[in-house]
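**Student:** using only what follows, build the 3D model:
(one chain, ligands or ions: 1)
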Amino acid sequence: MTKETARKMAVNMLTRVEAEGAYANLLLQKNSLRLTDSRDRHFVTLLVNGTLKHRLTLDYALRRHLSKPMSSLPHEVRAILRIGAFQILFLDKVPSAVAVNESVELAKEFPKFTGLVNVVLRKVMERGWDIDWPDLKREPVRYLSVRYSHPEWLIQRWLNRWGIEETEALCKVNNEPSPTWIRTNTLKISREDLTERLREEGITVQLGSRVPESLQISNFGALDQLDSFREGLFTVQDESSQLVAHVVNPQPGQSVLDACSAPGGKSTHLAQMMKNEGKILAFDIHAHKLELVEQLAQKLGITIIETQVGDARDLPGIRLESQDCVLVDAPCSGLGIIRRKADLRWQKEEQGLKDLPALQLAILERAASCVKNGGTLVYSTCTTEPDENFELVKRFRLSHPEFEPVDLADVLPFILEEPRDVKQGRKGMLQLLPHRHGMDGFFLAKFRRCEV
Ligand SMILES: C[S@@+](CC[C@H](N)C(=O)[O-])C[C@H]1O[C@@H](n2cnc3c(N)ncnc32)[C@H](O)[C@@H]1O
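**Tutor:** So this is what the prediction gives:
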């Protein structure tokens, strides 16, 4: 199958995302398999994710040459214009003239708009990155929003907190391609042996420097075609997410509660650290997601995870002060992983963030009640927002003097360098940010129950 068909597939997917609210990752997973050549699969993924990520910047560049608003055009024509502009502005490997011609071909299905697509994309090609941006000093929110394709409400929040320089740095990182991290299944293989196996399978592998099980991989096609993957020698998990089980630091034979466990990335990591000895109770509110936990555990050869459907604000049937370790990997706004999910920035709304802290605190309160004396409690999120992180933990501690901070320097598998992180780490907390730490945005906090 040729690149032209990959482009057509991309237009169809982008149209469905915009018109029906379909999820791009699910569409890609389902449809791109129809492309037999792995280069085409790679290309369609690049087009869909890149166009979604940069949508606001692309529309800004296109609008300059349109006499009517984008919204007046059919969804398909918008998608054709956007993927055309994306190739011209962001892809060095595709000659701009090819991008224009291919887009005009696609537009022939919409004869009324073929001329418009041709004229507009030729102008985008001529102007290139010579775009009249809003003035950074006078209109910083608008500038950062259209320049880096982020919603204005999010830029405003980050600007208030961090100022222009840091906000710009974060936006830039969010637009970079996200590396693929995997976690060695240490129950079956060592990281060194896995590295060798993967290299034999033709994959480029780099050892992670912060987590002892982590590997960064590139140059791979479909993972499920690899024997090493099918044998359960590894699972895909971002590096910052792999830190959580190390911070929990459970020991073989202990009883562990994972209050929000699906799809099981951290539960299965905890089981690896426990050498598959002891018991992990994996809760989640969604039964269908718990099936994923069970499937993953089975694939990795893990037998100590027991799943239970239920609301973590209630944790029905779990006795007070019964667990050695409790993990609350809370439902959150996910704003630390914008780089990883192309359409996440457009799916979130500021209003939707408001109810999260109440839910998170209720889960944390109930989960904390299950920690036995001397046992530990870990709270984590994949967001950048203090209301869900530092502020939430502060609120929890105000009414729970029995929980004392555990210095994170003692449990993290790498050394904290920044004085700010060292100081927070002593208070049992750490905020990782993509532009400061070079990994997904994540928050971690750890406390031990002591006699009061
Ligand atoms: C951040 S995800 C957990 C990811 C998981 N720990 C992992 O590593 O794969 C948050 C999870 O919380 C679940 N959840 C949301 N509200 C919940 C509630 N009230 N009680 C229990 N689980 C809940 C969601 O279904 C989701 O699976």
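**Student:** in the chain, which helix is the longest?
**Tutor:** When the chain is parsed with DSSP state H, its longest helix is helix 152-174.
**Student:** and it, C-alpha only, in PDB?
**Tutor:** Provided in PDB are the C-alpha atoms of helix 152-174 (Å, rounded to 0.1, in the frame of the first residue of the first chain):
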ATOM      1  CA  GLU A 152      -5.500  29.200  26.200                       C
ATOM      2  CA  TRP A 153      -6.900  28.200  29.600                       C
ATOM      3  CA  LEU A 154      -4.000  25.800  30.100                       C
ATOM      4  CA  ILE A 155      -1.400  28.400  29.100                       C
ATOM      5  CA  GLN A 156      -3.000  30.900  31.500                       C
ATOM      6  CA  ARG A 157      -2.700  28.400  34.400                       C
ATOM      7  CA  TRP A 158       0.900  27.600  33.700                       C
ATOM      8  CA  LEU A 159       1.800  31.300  33.000                       C
ATOM      9  CA  ASN A 160       0.400  32.300  36.400                       C
ATOM     10  CA  ARG A 161       2.500  29.600  38.100                       C
ATOM     11  CA  TRP A 162       5.800  29.500  36.200                       C
ATOM     12  CA  GLY A 163       6.000  32.600  34.000                       C
ATOM     13  CA  ILE A 164       6.800  32.800  30.300                       C
ATOM     14  CA  GLU A 165      10.100  31.000  30.000                       C
ATOM     15  CA  GLU A 166       9.100  27.900  31.800                       C
ATOM     16  CA  THR A 167       5.700  27.700  30.200                       C
ATOM     17  CA  GLU A 168       7.300  28.000  26.800                       C
ATOM     18  CA  ALA A 169       9.800  25.300  27.700                       C
ATOM     19  CA  LEU A 170       7.000  22.900  28.800                       C
ATOM     20  CA  CYS A 171       4.900  23.600  25.700                       C
ATOM     21  CA  LYS A 172       7.900  22.900  23.500                       C
ATOM     22  CA  VAL A 173       8.600  19.500  25.200                       C
ATOM     23  CA  ASN A 174       4.900  18.600  24.900                       C
END
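**Student:** show me how far it is from its chain's centre.
**Tutor:** In terms of CA atoms, centre = their mean, to the nearest Å, the centre of helix 152-174 is set 18 Å apart from its chain centre.
**Student:** tell me which parts of the protein are close to the ligand?
**Tutor:** Residues of the chain found near the ligand (CB under 6 Å from any ligand atom) are 260-266, 283-286, 289, 311-313, 329, 331, 363. From N, CA and C alone the C-beta is placed, and that goes for glycine too.
**Student:** find the residue closest to Lys427 in space, skipping its chain neighbours.
**Tutor:** The shortest distance from Lys427 to any non-neighbouring residue, by CB to CB, 6 or more residues apart in numbering, is to Pro405 (5.1 Å).
**Student:** that neighbour pairs with what?
**Tutor:** Under DSSP bridges, the beta-bridge partners of Pro405 are Phe447.
**Student:** which stretches of the stretch 1-150 of the chain have low pLDDT?
**Tutor:** The model of the stretch 1-150 of the chain has pLDDT under 70 over residues 1-4.
**Student:** Pro419: how many residues sit nearby?
**Tutor:** Other residues near Pro419 come to 8 when the count uses other CB atoms under 10 Å.
**Student:** from the ligand, how far out is it?
**Tutor:** For Pro419, the distance to the ligand equals 29 Å [CB to the nearest ligand atom, to the nearest Å].
**Student:** over to Thr5?
**Tutor:** Note on Thr5: its distance to the ligand, by CB to the nearest ligand atom, is 35 Å.
**Student:** show me what contacts that residue?
**Tutor:** Thr5 makes contact with 35, 40, according to CB atoms under 8 Å, 6 or more residues apart in numbering.
**Student:** quick check: which element contains it?
**Tutor:** For Thr5, the element it lies in under DSSP states H and E is helix 3-20.
**Student:** could you do Asp193 as well?
**Tutor:** Per DSSP H and E, Asp193 falls inside helix 191-200.
**Student:** list the buried residues in the helix or strand that that helix is followed by.
**Tutor:** Next helix or strand after helix 191-200 toward the C-terminus (DSSP H and E): strand 204-207. For strand 204-207, the neighbour count (16 or more other CB atoms under 10 Å) marks Val205 as buried.
**Student:** what does stretch 34-48 give?
**Tutor:** Here stretch 34-48 shows 35, 40-41, 43-48 as buried, counting by 16+ other CB under 10 Å.
**Student:** export that stretch as PDB, just CAs?
**Tutor:** What follows is stretch 34-48 as a C-alpha-only set of coordinates in PDB (Å, rounded to 0.1, in the frame of the first residue of the first chain):
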ATOM      1  CA  ARG A  34      -4.900  -2.600   7.300                       C
ATOM      2  CA  LEU A  35      -1.700  -1.100   5.900                       C
ATOM      3  CA  THR A  36       0.700  -3.900   5.200                       C
ATOM      4  CA  ASP A  37       3.900  -1.900   4.900                       C
ATOM      5  CA  SER A  38       5.200  -0.800   8.300                       C
ATOM      6  CA  ARG A  39       6.500   2.500   6.800                       C
ATOM      7  CA  ASP A  40       2.900   3.300   5.900                       C
ATOM      8  CA  ARG A  41       1.700   2.400   9.400                       C
ATOM      9  CA  HIS A  42       4.400   4.700  10.800                       C
ATOM     10  CA  PHE A  43       3.400   7.500   8.300                       C
ATOM     11  CA  VAL A  44      -0.300   7.400   9.100                       C
ATOM     12  CA  THR A  45       0.500   7.500  12.800                       C
ATOM     13  CA  LEU A  46       2.800  10.500  12.300                       C
ATOM     14  CA  LEU A  47       0.200  12.300  10.200                       C
ATOM     15  CA  VAL A  48      -2.700  11.800  12.600                       C
END
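**Student:** hmm, who's touching it?
**Tutor:** 1-3, 5-7, 9-10, 13-14, 17, 24, 27-28, 31-33, 83, 86-87, 91, 221-222, 342.
**Student:** for ChimeraX, what selects the buried ones among these?
**Tutor:** Buried residues within these, by 16+ other CB under 10 Å, are selected in ChimeraX with:
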select :3,6,7,9,10,13,14,17,24,27,28,31,32,83,86,87,91,342
